[in-house]
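[1] One predicted model, sequence on top.
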Amino acid sequence: MEIDSVNCACCGLREECTQEYISQVKESFEGKWLCGLCSEAVRDEMKNGWKKEYNGTEAALKAHMSFCSKYKRNPAILVADGMRLMLRRRSRDLSASTAASVSPAAKK
């Protein structure tokens with residue numbers, strides 16, 4: 001099993017991965033390799049609106065790459081902001097689903 005070093009197309013993070021894993025990730029993201037955090041962020045973008053676009057993966061990838069380009073100077077800021085954004089979205093989704101699951105009879 002050969003290990004290669006690869007850079008994330010979004011944030012520039014360097015990781016060592018097997019060639020098989022690198023190929024799988026590239027297949028999922030328009031031929032670009034993304035680190036775990038960026039790939040989750042792009043998937044999250046796809047769930048939250050880009051699915052309706054002509055090419056959801058491409059549009060979500062472009063949006064996340066644009067976001068990352070603002071913070072390339074300091075990867076720690078990128079990671080912190082990415083986590084904050086993901087948590088905010090998940091929190092909003094959870095509160096919406098909780099409110100929808102409470103029946104009117106239970107509110108009395």
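    Yes, it's here. Numbers count the residues shown, from 1 in each chain.
[2] Mind listing what's buried along stretch 19-38?
    For stretch 19-38, the neighbour count (16 or more other C-beta atoms under 10 Å) marks I22, V25, S28, F29, K32, W33, L34, C35, L37, C38 as buried. Where you see a C-beta, it was placed from the backbone N, CA and C, and this is true even at glycine.
[3] Number of residues surrounding C68?
    Neighbour count of C68, defined by other C-beta atoms under 10 Å: 22.
[4] which residues does E16 contact?
    Residues counted as contacts of E16 (C-beta atoms under 8 Å, 6 or more residues apart in numbering) are I3, D4, S5, V6.
[5] same thing with M46?
    G56, T57, A60.
[6] one more time with 6 Å
    By C-beta atoms under 6 Å, 6 or more residues apart in numbering, the contact list for M46 reads G56, A60.
[7] so it is in which element?
    helix 36-47 (DSSP states H and E).
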